[in-house]
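Trainee: Give me the fold of what follows.
(one chain, ligands or ions: 1)
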Amino acid sequence: MHEKSIAELSAGLRKGAFSSLELTQHFLQRIETLDPRLNSFITRASETALAAAKQADQRIRQGTATALTGIPIAHKDIFCTQGLRTSCGSRMLDNFIAPYDATVVARLKEAGAVILGKTNMDEFAMGSSNETSWYGPVKNPWDETRVPGGSSGGSAAAVAARLCAGATGTDTGGSIRQPAALCGITGLKPTYGRVSRWGMVAFASSLDQAGPMTKTAEDAALLLQVMAGFDPKDSTCADEPVPDYTAFLHQDLRGLRMGLPVEYFQEGLDAGVAASLEQAIAVFRSLGVEIQDISLPNSPLAVPTYYVVAPAECSSNLARFDGVRYGHRCQDPKDLEDLYKRSRAEGFGPEVKRRIMIGTYVLSAGYYDAYYLKAQKLRQRISEDFQRAFEQVDLILGPTAPSTAFPLGEKISDPVAMYLNDIYTIATNLAGLPGISLPIAPVCGLPVGLQLIGNHFQEARLLNAAHQLQRHTDWHQAVPPGFA
Ligand code: GLN
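Mentor: Okay, here's the model as predicted:
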């Protein structure tokens, strides 16, 4: 059962080929026996999952099921879940149980999806390898000596290892797409504002966006359908109608124009990854897609711009973790200042501290204009590059990450090398654009991701192109050998 897509599982449930209870038990069993190798879950929710599965079975019998009713999924541990711990990968929130559900969680629950548990992640979503998690790193199911990518590495590894039918993730600079690429699954980061951020622990509020992580583009469409849409509780959530993503999947690609940014195919891109992209581009061509070169001249500025904007916002967002209202509190504080200092010193890991320090520095009087304001101006330029490109093409195609999964420990002591792993994903967050990563031909047995970027609210088009590629290839069906 675990090898089936959500679309197939949904059909099976409705036909009565198996029940949601059987399906849920099957996944829980897999998590129990296989996850000790991967560490992809921080918290399991076996009892509530079984109860939800029974309810889903009832709903299916009554004929009120949606496409997601009875489907076992996992949530990145950044989404608040009522009564179930939300740690955000941090010691700071190790004891935090939210009294409410994030909008994304509530909507998926309403649709009848079953929550198997919460997935491991880089601490406060800061990282590209899952090694900054307080709960230890996640292993890549394709090679357990390698990273799964980050920060949604737990979700990516769990979907790739078929420990859940699909999962949620969040993407501030690449955290859905890069782990999707490194684990060989499909991951969609929607347009900024497409999905509500309410109840999602904030990292960098102007960049954060939630999205689906699945085996196929069709499954991503099914999850996004429920996750997307206006939410009065998030003032940055767009009041835009949600199209029928599934209906759009089958559209012919003839005449679609795709642009290859010359800056994305230069030095720094692994030769194997480039060759695999060539193969996928040839498939798109054979489907009638018109391919042309484009330029995004400010691309080299995306990583430095992000590492001013994101830390600035994180230093402000993470100020709320002070040991007073919730989260970790140090033992026997001498006075209030000691309580703040030691609670934060003990609760946060080194990467989070580094970001808070950079953030407070770039926002401080005297440096604000030189760094923060300058970064905002560059962010605008980067956005304009994309708008010019979208006058020529419908979608942009490039790599998701510069290489395949790297060995655990390789980059953890070199922050800049780690930051460069997001070189192709970060600009879309700065510009608020949607992007999707798809598995293409592997290199030396390791997955490779192809990224498609669309203009604002063009998720339907991204999913359509992705689905058509998947209909004509079988790269997305590969399962890590140890998890078949
Ligand atoms: N790797 C990037 C960072 O560490 C992006 C993380 C993310 O998208 N949450 O900031």
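Trainee: Please compute how far stretch 233-248 lies from its chain's middle.
Mentor: Centroid separation between stretch 233-248 and its chain, computed with Cα atoms, centre = their mean, to the nearest Å, is 18 Å.
Trainee: got the residues of the stretch 101-250 of the chain near the ligand?
Mentor: Contact residues (Cβ under 6 Å from any ligand atom) of the stretch 101-250 of the chain with the ligand: Ala125, Met126, Gly127, Ser128, Ser151, Asp171, Thr172, Gly173, Gly174, Ser175, Phe203. Just so you know, the C-beta spots here come from the backbone N, C-alpha and C atoms, and that holds for glycine as well.
Trainee: Pull the contacting residues for the second one.
Mentor: In other words, Met126. Thr132, Ser151, Phe203, Cys314, Glu351, Val352, Arg355 (Cβ atoms under 8 Å, 6 or more residues apart in numbering).
Trainee: burial count for the fourth one?
Mentor: When you say that, I think you mean Cys314. For Cys314, the neighbour count with other Cβ atoms under 10 Å is 25.
Trainee: Same question for Glu3.
Mentor: 11.
Trainee: so which helix or strand takes in it?
Mentor: For Glu3, there is no host helix or strand (DSSP states H and E).
Trainee: Could you tell me the phi and psi values at it?
Mentor: phi -80, psi -10 (degrees, to the nearest 10).
Trainee: wait, it sits on Pro480?
Mentor: No - taking contacts as Cβ atoms under 8 Å, Glu3 lies outside contact range of Pro480: 11.6 Å.
Trainee: now the helices for the stretch 351-484 of the chain?
Mentor: Secondary structure of the stretch 351-484 of the chain (DSSP state H, counting those that start in this stretch): helices located at 374-392, 415-419, 426-431, 459-471.
Trainee: Mean neighbour count, distance to the ligand and mean pLDDT added to these, as a markdown table?
Mentor: Formatted as a markdown table, these follow (neighbours: other Cβ atoms under 10 Å; distance: least, Cβ to the nearest ligand atom, whole Å; pLDDT from 0 to 100):
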| stretch | mean neighbour count | distance to the ligand | mean pLDDT |
| --- | --- | --- | --- |
| helix 374-392 | 16 | 14 | 98 |
| helix 415-419 | 15 | 7 | 91 |
| helix 426-431 | 28 | 7 | 98 |
| helix 459-471 | 24 | 18 | 98 |
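Trainee: Out of those helices, which is closest to Val147?
Mentor: Closest to Val147 of these is helix 415-419 (Cβ to Cβ; 9.9 Å).
Trainee: Need the CA coordinates for that closest one. PDB is fine.
Mentor: Only the C-alpha atoms of helix 415-419 are listed here, as PDB (Å, rounded to 0.1, in the frame of the first residue of the first chain):
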ATOM      1  CA  PRO A 415      28.100  28.100   7.200                       C
ATOM      2  CA  VAL A 416      28.800  29.700   3.800                       C
ATOM      3  CA  ALA A 417      29.200  26.400   2.000                       C
ATOM      4  CA  MET A 418      25.900  25.300   3.600                       C
ATOM      5  CA  TYR A 419      24.200  28.600   2.600                       C
END
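Trainee: show me where pLDDT drops low in the stretch 101-250 of the chain?
Mentor: Within the stretch 101-250 of the chain, no stretch falls below the threshold (pLDDT under 70).
Trainee: Count the residues that sit near Leu420.
Mentor: 17.
Trainee: pretty sure it contacts Pro402?
Mentor: Yes - contact criterion Cβ under 8 Å: Leu420 and Pro402 qualify, at 7.2 Å.
Trainee: Please identify the residue most distant from the middle of the chain.
Mentor: Lys334 (41.0 Å; Cα atoms, centre = their mean).
Trainee: Which neighbours do Leu420 and Pro402 have in common?
Mentor: Common neighbours of Leu420 and Pro402 (Cβ under 8 Å, 6+ apart) are Gly268.
Trainee: Can you show me the helices along the stretch 151-300 of the chain?
Mentor: Using DSSP H, counting those that start in this stretch, helices in the stretch 151-300 of the chain cover 153-160, 177-183, 217-227, 245-248, 271-286.
Trainee: quick one on the thing from earlier: out of the helices of the stretch 351-484 of the chain, which is closest to Asn120?
Mentor: helix 415-419 (17.3 Å).
Trainee: Run through who's touching that closest one.
Mentor: By Cβ under 8 Å, 6+ apart, helix 415-419 touches Gly127, Ser128, Ser129, Val303, Tyr307, Glu351, Arg354, Lys411, Ile412.
Trainee: now do stretch 170-177
Mentor: By Cβ under 8 Å, 6+ apart, stretch 170-177 touches 76, 78-79, 122, 125, 128, 150-152, 169, 187-189, 200, 203-204, 207-211, 213, 306, 310, 400-401, 421-422, 424-426, 429, 435-437, 449, 451.
Trainee: Check the burial of Glu263 by counting its neighbours.
Mentor: Using other Cβ under 10 Å, Glu263 has 20 other residues around it.
Trainee: my guess is it meets Ser299, correct?
Mentor: Yes - with contact defined as Cβ under 8 Å, Glu263 reaches Ser299; the gap is 4.1 Å.
Trainee: between the two, what contacts are shared?
Mentor: By Cβ under 8 Å, 6+ apart, no residue touches both Glu263 and Ser299.
Trainee: residue nearest the centroid of this structure?
Mentor: For the chain, the residue nearest the mean C-alpha position is Ile176 (2.1 Å; Cα atoms, centre = their mean).
Trainee: how far away is it from Gly323?
Mentor: 31 Å (Cβ to Cβ, to the nearest Å).
Trainee: repeat for Gln468
Mentor: Look at Gln468 and Gly323: by Cβ to Cβ, they are 52 Å apart.
Trainee: With Ala302 instead?
Mentor: For Ala302, the distance to Gly323 - Cβ to Cβ - is 35 Å.
Trainee: Neighbour count: those two, which is higher?
Mentor: Regarding Ala302 and Gly323, a neighbour count based on other Cβ under 10 Å identifies Ala302 as having more, with 26 against 20.
Trainee: Name the nearest residue to Leu50, ignoring sequence neighbours.
Mentor: Thr24 (6.1 Å; Cβ to Cβ, 6 or more residues apart in numbering).
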